[in-house]
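Colleague: Got a sequence here, can you build the structure:
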Amino acid sequence: MRARKGGGSGGRREHRLADVRLSTGRHAALVAAGIFLSRIAGLMRQRVFAHYFGQSDPGDAFNAAFKIPNLLQNLFGEGVLSASFIPVYSRLLAQGMHQEARRLAGVVATLLALVTSVLVTAGVLATPFLVEWIAPGFTGEKRELTIILVRIVFPGTGLLVLSAWCLGILNSHRQFFVSYTAPVLWSVVMIAAMAWYGASVELPRLAIVIAWASVFGAALQLAIQLPFVWKLARGVRPSLTRSEDAAVVVRNFVPVFIGRGVVQISSYIDSILASFLPSGAVTALANAQTLYTLPVSLFGMAVSAAELPAMSSMVGDDEQVAEYLRGRLSSGLRRIAFFIVPSSAAFLVFGDVIAAALYQTGRFSRADAIWVWGILAGSALGLLAVTFGRLYASTFYALRDTRTPLRYAIVHVVLATVLGYFFALPLPAMLGIDAKWGAAGLTLSAGIAGWVELVLLRRALAQRVGRVQLPRALMLRLFAAAVAGAAAGWLVRSALVTELHPVLVAGAVLAPYAAVYLLSTWLLGIEESRSLTATMLRRAGIKGGKK
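Modeller: Coordinates of the predicted model:
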């Protein structure tokens, strides 16, 4: 779109864009805060789960049982609604068409409720057949427990999908914090159930209790958002009225639905392959996934969520838009790299320390922590590529191109599947190592596929807006700082002569690691480090070196 001439209109447009960027920054901070609280609650839930279940057969059954409901939630939930429903609903609000917006919200809620009700009912009836797809390696009591758990948690899926609809309404009205912190309740209910029943019932029975708690938690997650939704969208009611707006949402829904489905297939294939590995592999993989998805969510999702509206707001001719996108993409990549490089190094060098601090209690042993470390190390090699890929995909979305990211996501899944099978099953036997380390091969294969996908995305985007790549000198400085931090943490770890609690060990090792990394990047003149340091000092009440 061509930019209008004239200093007055150009100045007003620049002010509007500045306001959008400032607002986006505040909203991104709220999203990040909500995600952080939700992820912390999830880590606490996983820690309590590890205390009672370790990496056992009932733990495997529980984690496998959640795969199919999670698939439905991801396919019909937050990500798809964000891409299909929110833009249309927000446009109606911006145009002052509040009655049409309420009608659209009612139609979407009704469609989601109908579709998920049918799928949940079919899923409960067809559970034995579904278990053959999600965990074909399970047999005997382990398989029977998985069937029971799937039938219990399936109804909670519909509640979580409707909760995602609430998130779409709240986010459209710029109410971000409630929607992203509501999942905390889901984790809290499950933690409470484990704490109350954990010491008094056998593990299979405890798994059933937690499954029912997850359904109750899903109901609370929905209920906490409904009052805010009713207040913001007064008069919304179930409806199947035909409208052009609803048709647009459905048309937008289909390609994003397919894209989400392709990505979810990769996770399911990992779970299927892990079911053929020794007992505890499915749970070990789930424990590692909780850890390595944390930086992806906190940094990749937060930066991508903040950049997408900023990228989409640019007006001008093709060259101006391309230049603007290159600048936004470069800035976002720098911020991601600053946080993901040390995260990857920490998983690679101190994965056992991190896993032990979070999980090592009760039935979760030191050997289990080392197993999770191996899986984390595999994921660490592809963490940067996967997180960069999110931002590149957002850039394509800003260009109204959803097909290119989908095409390369399919390449990612196919490659990860082929490599995952080889690394997880035949390779450990060929190397003469314990078969359980095949779980690390799954994350390693996903990392390799992530780098291939990133290369394809970067090459395709270069043809659209020009080449964007972080300076090699910057990446070398970041990796050098991470190595320096890792060396400091390793020296402290080597100096620990007494047996300390895993949490104390993590504090003693990771604190100097983070401090040395931050100091090194500051001394090397990395802009993100100096900006972060200035913010930390300002919030501590320090200015110019004085309080």
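Colleague: and this protein, what are its domains?
Modeller: 56-278, 471-547 (automatic domain parsing).
Colleague: can you tell me which of those comes nearest to residue 427?
Modeller: domain 56-278 (11.9 Å; CB to CB). The way it works is simple: take the backbone N, C-alpha and C, and place the C-beta from them, glycine included.
Colleague: contacting residues around stretch 150-157?
Modeller: Defining contact as CB atoms under 8 Å, 6 or more residues apart in numbering, one finds that stretch 150-157 is touched by 65-66, 68-69, 72-73, 116, 119-120, 123-124, 127, 130-131, 208, 211-212, 214-215, 217-219.
Colleague: What subset of those is buried?
Modeller: Taking 16 or more other CB atoms under 10 Å as the criterion, what is buried in those is 65-66, 68-69, 72-73, 116, 119-120, 123, 127, 130-131, 208, 211-212, 214-215, 217-219.
Colleague: isn't residue 162 right next to residue 112, touching?
Modeller: Yes. Counting by CB atoms under 8 Å, residue 162 touches residue 112, with 6.5 Å between them.
Colleague: From residue 420, how far off is residue 426?
Modeller: Using CB to CB, to the nearest Å, we find residue 426 at a distance of 11 Å from residue 420.
Colleague: Give me the more crowded residue out of those two.
Modeller: Taking other CB atoms under 10 Å, residue 426 and residue 420 do not tie; residue 420 has more neighbours (26 against 12).
Colleague: just to revisit the earlier point, narrow the buried ones among the contacts of stretch 150-157 to those in helices?
Modeller: 65, 68-69, 72-73, 116, 119-120, 123, 127, 130-131, 208, 211-212, 214-215, 217-219 (DSSP state H).
Colleague: so residue 404 sits in a helix?
Modeller: Yes. Residue 404 sits within a helix when classified using DSSP: H, G, I helix; E, B strand; the rest coil.
Colleague: okay, and for the stretch 401-547 of the chain, where does confidence drop off?
Modeller: 497-498, 539-547 (pLDDT under 70).
Colleague: what do you get if the cut-off is 90, keeping everything else the same?
Modeller: 401-410, 412-413, 464-471, 495-501, 503, 527-547 (pLDDT under 90).
Colleague: Show me the helices in it, by range?
Modeller: Using DSSP state H, counting those that start in this stretch, the helices of the stretch 401-547 of the chain run over residues 403-424, 426-431, 438-465, 472-495, 502-523, 527-539.
Colleague: Throw these into a markdown table and include distance to residue 52, thanks.
Modeller: Shown next, in a markdown table, are the helices of the stretch 401-547 of the chain (distance: least, CB to CB, whole Å):
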| stretch | distance to residue 52 |
| --- | --- |
| helix 403-424 | 27 |
| helix 426-431 | 29 |
| helix 438-465 | 21 |
| helix 472-495 | 29 |
| helix 502-523 | 17 |
| helix 527-539 | 38 |
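Colleague: Residue 524: how many residues sit nearby?
Modeller: Neighbour count of residue 524, defined by other CB under 10 Å: 16.
Colleague: Quick check: closest non-adjacent residue to it.
Modeller: The spatial neighbour of residue 524 that comes closest, neighbours along the chain excluded (CB to CB, 6 or more residues apart in numbering), is residue 477 at 4.6 Å.
Colleague: Equivalent analysis for residue 382, please.
Modeller: Spatial nearest neighbour of residue 382, chain neighbours left out: residue 447 (2.1 Å); criterion: CB to CB, 6+ apart.
Colleague: residues in contact with that neighbour?
Modeller: Residues in contact with residue 447, defined by CB under 8 Å, 6+ apart, are 378, 379, 380, 381, 382, 383, 385, 386.
Colleague: how does it look with 7 Å?
Modeller: Neighbouring residues of residue 447 by CB atoms under 7 Å, 6 or more residues apart in numbering: 378, 379, 381, 382, 385.
Colleague: Check which helix or strand the first one maps to.
Modeller: Pointing back at residue 378 there. If you go by DSSP states H and E, residue 378 is part of helix 366-380.
Colleague: how about that helix as PDB, C-alpha atoms only?
Modeller: Written as PDB, here are the backbone C-alpha positions of helix 366-380 (Å, rounded to 0.1, in the frame of the first residue of the first chain):
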ATOM      1  CA  ARG A 366      19.400 -39.000  40.400                       C
ATOM      2  CA  ALA A 367      19.500 -41.500  37.500                       C
ATOM      3  CA  ASP A 368      16.200 -40.100  36.300                       C
ATOM      4  CA  ALA A 369      17.600 -36.500  36.300                       C
ATOM      5  CA  ILE A 370      20.600 -37.700  34.200                       C
ATOM      6  CA  TRP A 371      18.100 -39.300  31.700                       C
ATOM      7  CA  VAL A 372      16.200 -36.100  31.400                       C
ATOM      8  CA  TRP A 373      19.500 -34.300  30.900                       C
ATOM      9  CA  GLY A 374      20.300 -36.400  27.900                       C
ATOM     10  CA  ILE A 375      16.900 -35.600  26.400                       C
ATOM     11  CA  LEU A 376      17.500 -31.900  27.100                       C
ATOM     12  CA  ALA A 377      20.900 -32.000  25.500                       C
ATOM     13  CA  GLY A 378      19.300 -33.200  22.300                       C
ATOM     14  CA  SER A 379      16.800 -30.400  22.300                       C
ATOM     15  CA  ALA A 380      19.400 -27.800  23.100                       C
END
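Colleague: Check which residues of it are buried.
Modeller: Buried residues in helix 366-380, defined by neighbour count with 16+ other CB under 10 Å: 368, 369, 371, 372, 373, 374, 375, 376, 377, 378, 379, 380.
Colleague: Which strands or helices does it pack on?
Modeller: With contacts defined as 3 or more CB pairs under 7 Å, 6 or more residues apart in numbering; DSSP states H and E, the packing partners of helix 366-380 are helix 281-295, helix 318-359, helix 438-465.
Colleague: Provide the contact partners of the first one at residue level.
Modeller: Residues from elsewhere that reach helix 281-295 (CB under 7 Å, 6+ apart): 39, 42-43, 46, 50, 53, 55, 59-60, 63-64, 270-271, 274-275, 339-340, 343, 347, 354, 359, 371-372, 375-376, 379, 383, 436, 439, 442-443.
Colleague: For residue 187, see how far away the residue nearest to residue 524 is.
Modeller: The gap separating residue 477 from residue 187 is 38 Å, by CB to CB.
Colleague: Those two: who's more crowded?
Modeller: In this view residue 477 and residue 187 are compared by other CB under 10 Å, and residue 187 has more residues nearby, 23 against 19.
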